[in-house]
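A.B. asks: heads up, no residue letters with this:
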Ligand SMILES: Nc1ncnc2c1ncn2[C@@H]1O[C@H](COP(=O)(O)OP(=O)(O)OP(=O)(O)O)[C@@H](O)[C@H]1O
Ligand SMILES: [Mg+2]
């Protein structure tokens, strides 16, 4: 494996707020490697430390401790900014500028001289703002501003793209456009690091995901790795004997039964004492109607909300 694009070792950020300088550990001992060409998604609830991590990566704030290597440099080097495209969580733009003018401004900042008008125009089209190129930003909707922000982050053809909630404020079509844009970036060899709350989008896009909570990176891995332990099969049956059927099964290890209307849902954890065939045979033998058999819990959402669940009931723990 070559040199990673991002390497964080024990990175921490502590803020001291208010008159009493109350300590807030926004990011704690975060270690992470992001390899060239990856799409990495950072997910976590509000206040988890996503934006703080991104601000350290983009050189906006200095870590309190730990080390960071970015784009082959130790710490945040000035040379990094040329190779970095960044979409902040909240962007502030001059409201009196038009879409073309603001992108022209950023293109100049990135040192684009040749074909600047053409490049600006292409990016405006690419983010779906062709109709609004001469409109002032003060008249833009939230989603339109987000699109301008993305164009601004990408216009300099950066090696590493860091996006703080790129899909926020966008309608479903807009979110799909952003997903397409991120995939295109990857195809053209860029590395993408982004934070998000929109779990299905993270699921569809990312090669690897990190879950951050209260400043700590809880898990990092490919979706397959992270979700492997979470998969279970649900068998939903209905019929007169459904209750008795559920009761008989509920004593088996790894089997959870819940009543749903006039039926029961039987959930089999990996390695459960009963397998799908046994449960189906039993159900059919009792004359029950099998409504569905499906894999469940194998999504990011279940991982995301995992710690928020009530402690497992004795039945769950069997
Ligand atoms: N400049 C600051 N001064 C003091 N505390 C801060 C500062 N910036 C962030 N924090 C605190 O650090 C913690 C992490 O905040 P951060 O903005 O990184 O979370 P986040 O994961 O991006 O949340 P969200 O999903 O709401 O954007 C929060 O408790 C926040 O109040
Ligand atoms: Mg944030």
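C.D. replies: The structure has been received and is ready for your questions. If you're wondering where the values come from, they're calculated on a predicted model, not measured in any experiment. Ligands and ions are numbered 1, 2, ... in the order given.
A.B. asks: is the residue nearest to residue 106 when sequence neighbours are not counted in a helix, a strand, or coil?
C.D. replies: Once flanking residues are discounted, residue 106 sits nearest to residue 152: 4.8 Å by C-beta to C-beta, 6 or more residues apart in numbering. Placement of C-beta: from N, CA and C, glycine included. Classification of residue 152 by DSSP: H, G, I helix; E, B strand; the rest coil places it in helix.
A.B. asks: mind checking the SS state of the residue in the chain that ligand 2 sits nearest to?
C.D. replies: Residue nearest to ligand 2 within the chain: residue 51 (3.2 Å; C-beta to the ion). Secondary structure state of residue 51, per three-state DSSP, is helix.
A.B. asks: ok, the one 5 residues further on next?
C.D. replies: When the structure is reduced to helix, strand and coil (three-state DSSP), residue 56 reads as helix.
A.B. asks: next up, the contacts around it.
C.D. replies: 11, 13, 27, 62-63, 68, 76 (C-beta atoms under 8 Å, 6 or more residues apart in numbering).
A.B. asks: quick one: the helices in the stretch 201-318 of the chain?
C.D. replies: Using DSSP state H, counting those that start in this stretch, the helices of the stretch 201-318 of the chain run over 223-228, 242-249, 276-285, 300-304.
A.B. asks: coming back round to it: the residue nearest to residue 106 and ligand 1, how far apart?
C.D. replies: Residue 152 sits 20 Å away from ligand 1, going by C-beta to the nearest ligand atom, to the nearest Å.
A.B. asks: remind me which residues of the stretch 151-300 of the chain are low pLDDT?
C.D. replies: 229-230, 297-299 (pLDDT under 70).
A.B. asks: that one: strands as residue ranges?
C.D. replies: In the stretch 151-300 of the chain, the strands defined using DSSP state E, counting those that start in this stretch lie at 160-164, 191-196, 208-213, 216-221, 232-238, 255-260, 263-268, 289-296.
A.B. asks: still on that earlier bit, which of the contacts of residue 56 are buried?
C.D. replies: 11, 13, 27, 63, 68, 76 (16 or more other C-beta atoms under 10 Å).
A.B. asks: in strands, which of these appear?
C.D. replies: Those of these mapping onto strands are 11, 13, 27, 68, per DSSP state E.
A.B. asks: can you show me the strands along the stretch 1-150 of the chain?
C.D. replies: Counting by DSSP E, counting those that start in this stretch, the stretch 1-150 of the chain has strands at residues 6-17, 22-34, 39-43, 65-70, 73-74, 84-87.
A.B. asks: longest helix of the chain?
C.D. replies: helix 172-187 (DSSP state H).
A.B. asks: can you give me the buried ones in that one?
C.D. replies: Residues of helix 172-187 classed as buried by neighbour count (16+ other C-beta under 10 Å): 174-175, 177-179, 181-182, 185-186.
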